[in-house]
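J.: No sequence on hand, only this structure:
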Ligand SMILES: O=C(O)CCC(=O)C(=O)O
Ligand SMILES: [Fe+2]
């Protein structure tokens, strides 16, 4: 099947030189090494996010309203400044305001509020996605084997609404591709009997390997939910299991349809892919890391559009979702 680097619905914004310059100025002021979780810094970033170049702010605002057929927005040409060597450690994080982290948080704040999970990477808000020595086959972002299509943290009641992946550096061969697949497109390829089964609570989902806790979705859940006309999706093809044979068949049908509509995108440095985690799945192709400080490196952020919805899970109203609701 032919693979493209552009999304079929054309949701890509390429920054002009003037826009990149404006962003460098804006985020340069924020990149002062302060802890990203500091409420004062976050407020400065919130204010800065109101002053993004209008075309960029408008694209983010439109994406927040409706993520389109592909459920993905690509922003290209973001100014990163000098990029240090790629870290090679599992659980490598960005805790402090660098230019790329400040950029990612500022753009995310146009969509909603960044969130972290206490049981994943210490609850930090900006994660490094890097290949880690000895973990090539790890079924998570530290690996370099193909990563199965998934909704991020599908097991969790407060999984992200949007996942942002900002490329700082691609792999040596330009082989690593971010894969996205829109459930809006895939569901149209399914017969109504299959859709009906996917709408029933006949599936369970475990926490992904990146969660230390071994949690599972408390109850069985539907894979398609909400509007009949335009359902949302909740599935991870590594961690979601059907509870009966007919449900397993329906899951296999959905997987086939998603593979058919899949888009592979090789991200370049300065490219940000925003994936609506309710509408699209994502994964990654294989690549060959060299562990020499110049491997592929993404920054990842999770966003909640309705921050208030997870309040019971966020002690003291912070950005970190704890292991359970605090009553
Ligand atoms: O490496 C990628 O392109 C995507 C990895 C991924 O699924 C993630 O970090 O959530
Ligand atoms: Fe992911």
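T.: Thanks, I have the structure now. These figures come from a predicted structure and were not determined experimentally. Ligands and ions are numbered 1, 2, ... in the order given.
J.: The residue in the stretch 201-327 of the chain positioned nearest to ligand 1: neighbouring residues, count only.
T.: Using C-beta to the nearest ligand atom, the closest approach of the stretch 201-327 of the chain to ligand 1 is made by residue 284 at 3.8 Å. Every residue, glycine included, has its C-beta placed from N, CA and C. For residue 284, the count of nearby residues is 22 (other C-beta atoms under 10 Å).
J.: which residues does it bridge with?
T.: Beta bridges link residue 284 to residue 147, residue 178 when assigned by DSSP bridges.
J.: right, and it touches residue 177 too?
T.: Yes: counting by C-beta atoms under 8 Å, residue 284 touches residue 177, with 6.8 Å between them.
J.: Tell me the helix or strand right after the longest helix seen in the chain.
T.: When every helix of the chain is counted residue by residue (DSSP state H), the longest turns out to be helix 245-261. Downstream of helix 245-261, the first helix or strand assigned by DSSP states H and E is strand 263-265.
J.: follow-up on the earlier one: report pLDDT for the residue of the stretch 201-327 of the chain closest to ligand 1.
T.: Per-residue confidence (pLDDT) for residue 284: 98.
J.: swap in residue 121?
T.: In this model, residue 121 is scored at 86, pLDDT.
J.: just residue 215 next, same as before
T.: At residue 215, pLDDT is 63.
J.: show me what contacts the residue lying closest to residue 118 once chain neighbours are set aside?
T.: Of all residues not flanking residue 118 in the chain, residue 322 sits nearest, at 4.9 Å (C-beta to C-beta, 6 or more residues apart in numbering). Taking C-beta atoms under 8 Å, 6 or more residues apart in numbering, we find residue 322 in contact with 118, 313, 314, 315.
J.: same thing but 7 Å
T.: Taking C-beta atoms under 7 Å, 6 or more residues apart in numbering as the criterion, residue 322 is in contact with 118, 313, 315.
J.: my read: the second one touches residue 321, true?
T.: I take that to be residue 313. Yes: assessed by C-beta atoms under 7 Å, residue 313 is found in contact with residue 321 at 4.7 Å.
J.: joint contacts of these two?
T.: residue 158.
J.: In terms of neighbours, single out the busier of those two.
T.: Per other C-beta under 10 Å, whichever of residue 313 and residue 321 has more neighbours is residue 321, with 27 against 19.
J.: separation between the residue lying closest to residue 67 once chain neighbours are set aside and residue 11?
T.: Leaving out its chain neighbours, the residue that sits closest to residue 67 by C-beta to C-beta, 6+ apart is residue 276, at 3.4 Å. Here the criterion is C-beta to C-beta, to the nearest Å. By it, residue 276 lies 10 Å from residue 11.
J.: Residue 141 too?
T.: From residue 141 over to residue 11 the distance is 23 Å, taken as C-beta to C-beta.
J.: which residue ranges form the helices in the stretch 101-250 of the chain?
T.: 183-187, 192-198, 245-261 (DSSP state H, counting those that start in this stretch).
J.: buried set for the second one?
T.: The reference is to helix 192-198. Under the neighbour-count criterion of 16 or more other C-beta atoms under 10 Å, helix 192-198 has 194, 195, 197, 198 buried.
J.: What helices and strands are in contact with that helix?
T.: On a contact count with 3 or more C-beta pairs under 7 Å, 6 or more residues apart in numbering; DSSP states H and E, helix 192-198 meets helix 245-261.
J.: mind running it again at 10 Å?
T.: Helix 192-198 is packed against helix 183-187, strand 224-225, helix 245-261, with contacts defined by 3 or more C-beta pairs under 10 Å, 6 or more residues apart in numbering; DSSP states H and E.
J.: Figure out how far it is from the centre of its chain.
T.: Helix 192-198 sits 27 Å away from the centroid of its parent chain (C-alpha atoms, centre = their mean, to the nearest Å).
J.: do the same with the first one
T.: Taking C-alpha atoms, centre = their mean, one finds the center of helix 183-187 at 18 Å from the center of the full chain.
J.: Show me the shaky parts of the stretch 101-250 of the chain.
T.: Counting by pLDDT under 70, the ranges of the stretch 101-250 of the chain that qualify are 212-218.
J.: how about the residues of it near ligand 1?
T.: Contact residues (C-beta under 6 Å from any ligand atom) of the stretch 101-250 of the chain with ligand 1: 129, 141, 147, 152, 165, 178.
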